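Everything below, folded, please.
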Amino acid sequence: MSRVLIVGAGLTGSLCACLLRRELQGRVQVVVWDKAGGAGGRMSTSRPPDASSHSADLGAQYITATPAYAQSHHSFYSELLCAGVLQPLDCHIEGLQQKDGNKNYVTPRGADLFLQHHVTGVYRRGASWEVARKAGDSETFDAVVLTMPVPQILQLQGDLVTLLSAQQRQQLDCVRYSSRFALGLFFSPEVTFTFSWGAKYFTDNHCIRYIAVDNRKRSAEAVGLGPSLVVHTSIPFGLEHLERDKEDVQPVILQELHRLLPNLPQPISIKCQKWRYSQVLTTVPDCPGHMILLQAPLLICGGDAFSHSHFDGCVDSALSVLEALKTSLKV
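Below is the predicted model of the structure:
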């Protein structure tokens, strides 16, 4: 039985693992490693330090399906909707430029799978790969799929750098990401917001680009829990403060937030997230959804950097990686 390691439990990696288990069960052992404390990557759900049932989406806010993808990826949307993983987004989002035919979805629940396996190096060992991690022993795999952000792939120790062709290196070096900060503000149960919208875009503010009332966005008014507020900064602000500690940037964002919402109550808890690699701005050109770095043993890259930075781009990449794995492993 071949051992396949998927590095990254974001959307592409998680879907690829699911499809491999579903189609090749009993013939392939699938292992997923992620350095974070929970699955989901940039679509993960965060909770306050007190580990209460409050939640806030500090990454992706909702999924937009175009008419074309709603048709070609109908089976995925249908399964996720039937399972309750997705539901239609029906709250009012002020400032959203909605295109005709597009449908928006939100995840009513978050993800709570804990992994904490930080990959540091990939080493070729004959017909296999030895994969090292920050804490713990190395393990050997027959195939490795790398779905983390491209700059993190290029930082891996081992044989990766020597395997890249000049063209591949040039293509990967061209990938660019936006950067931003996100705040989750958690309030006591007696707090009620006076504004009517569930989320709002701010187009004329240097610091803040988007604010959402998390429970309104999910259409989930929890009994006994206060609301949660999500704040996303603009791309220019994120780039300007990228190398600063998030603890130093948090007061700057809060000051601007209170200028925009002067009557905002005092939260009982705040969580700040720095997204160094947020949405992909420049993808690998003319790419089928993956890049094979070595055919045997198989080392392959996937993710939205090899398609486009949306839910459907991640689905396209996962399907592309799946076909490459099936061909390489001859299963």
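
Buried residues in stretch 3-15, which are they?
Going by neighbour count (16 or more other CB atoms under 10 Å), the buried part of stretch 3-15 is 3-15. Heads up, the C-betas are built off the backbone N, CA and C, glycines and all.

Widest-spaced pair of those residues?
Farthest pair in the buried residues of stretch 3-15 (CB to CB) is Arg3 and Leu11. Separation: 22.7 Å.

follow-up on the earlier one: closest one of the buried residues of stretch 3-15 to Gln98?
Proximity of those to Gln98 was ranked by CB to CB; the top entry is Leu11 with 22.4 Å.

So that closest one sits against Asp312, correct?
No. Counting by CB atoms under 8 Å, Leu11 does not reach Asp312; the two are 10.1 Å apart.

Just the pLDDT for Ser309.
With respect to pLDDT, Ser309 scores 86.

That one should be in a helix, yeah?
No. Counting by DSSP: H, G, I helix; E, B strand; the rest coil, Ser309 is not part of a helix but coil.

isn't it right next to Val280, touching?
Yes. With contact defined as CB under 8 Å, Ser309 reaches Val280; the gap is 3.8 Å.

Between these two, point out the one with more neighbours.
Between Ser309 and Val280, Val280 has the larger neighbour count (other CB atoms under 10 Å), namely 22 against 19.

Tell me how far the more buried one lies from His310.
Distance, Val280 to His310, using CB to CB, to the nearest Å: 9 Å.

for Leu154, same thing?
Distance, Leu154 to His310, using CB to CB: 23 Å.

Of the two, give the one with the bigger neighbour count.
Neighbour count, other CB under 10 Å: between Leu154 and His310, His310 has more, with 19 against 14.

for that one, what are its contacts?
His310 sits next to 63-64, 304 when contact means CB atoms under 8 Å, 6 or more residues apart in numbering.

Among these, which lie within strands?
The members of the contacts of His310 that map onto strands under DSSP state E are 63-64.

can you list the contacts of His310 in a markdown table and add pLDDT?
Below are the contacts of His310 laid out as a markdown table (pLDDT from 0 to 100):
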| residue | pLDDT |
| --- | --- |
| Ile63 | 85 |
| Thr64 | 90 |
| Asp304 | 93 |
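
Adding distance to Ala324 and neighbour count as columns, could you present the contacts of His310 in JSON lines?
Below are those laid out as JSON lines (distance: CB to CB, whole Å; neighbours: other CB atoms under 10 Å):
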{"residue": "Ile63", "distance to Ala324": "25", "neighbour count": "20"}
{"residue": "Thr64", "distance to Ala324": "27", "neighbour count": "17"}
{"residue": "Asp304", "distance to Ala324": "17", "neighbour count": "28"}
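
between the contacts of His310, which is closest to Arg259?
Once CB to CB is applied, the member of the contacts of His310 that ends up nearest Arg259 is Thr64, at 29.5 Å.

so how far is Leu293 from that closest one?
Going from Thr64 to Leu293 by CB to CB gives 31 Å.

Assign a three-state SS to Gln250, would you?
Classified using three-state DSSP, Gln250 is helix.

who's in contact with the residue lying closest to it once chain neighbours are set aside?
Spatial nearest neighbour of Gln250, excluding adjacent residues (CB to CB, 6 or more residues apart in numbering): Cys272 at 4.6 Å. Neighbour list for Cys272: 181-184, 246-247, 249-250, 253 [criterion: CB under 8 Å, 6+ apart].

how about the residues you listed in CSV, adding neighbour count and secondary structure?
Listed next are the contacts of Cys272 as CSV, based on neighbours: other CB atoms under 10 Å; DSSP: H, G, I helix; E, B strand; the rest coil:
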residue, neighbour count, secondary structure
Phe181, 26, strand
Ala182, 24, strand
Leu183, 24, strand
Gly184, 24, strand
Lys246, 15, helix
Glu247, 8, helix
Val249, 21, helix
Gln250, 16, helix
Ile253, 22, helix
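
Dump stretch 243-253 to CSV, keeping only the CA atoms.
Extracted in CSV, the C-alpha atoms of stretch 243-253 (Å, rounded to 0.1, in the frame of the first residue of the first chain):
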residue,chain,number,x,y,z
GLU,A,243,6.8,42.9,9.6
ARG,A,244,5.4,44.3,12.9
ASP,A,245,4.2,42.1,15.7
LYS,A,246,0.4,41.6,15.7
GLU,A,247,0.3,42.8,19.3
ASP,A,248,1.6,46.2,18.2
VAL,A,249,-0.7,46.5,15.2
GLN,A,250,-3.9,45.5,17.2
PRO,A,251,-4.3,48.9,19.0
VAL,A,252,-4.0,50.7,15.6
ILE,A,253,-6.8,48.7,14.1
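
quick one: the helix or strand harbouring Asp312 to chain centroid distance?
Per DSSP states H and E: Asp312 is located in helix 311-329. Here helix 311-329 is found 17 Å from its chain centre; the criterion is CA atoms, centre = their mean, to the nearest Å.

can you give me the strands in the stretch 101-250 of the chain?
Taking DSSP state E, counting those that start in this stretch, the strands of the stretch 101-250 of the chain run over residues 103-106, 119-125, 128-133, 139-141, 143-146, 157-158, 176-177, 180-186, 199-201, 208-213, 228-233.
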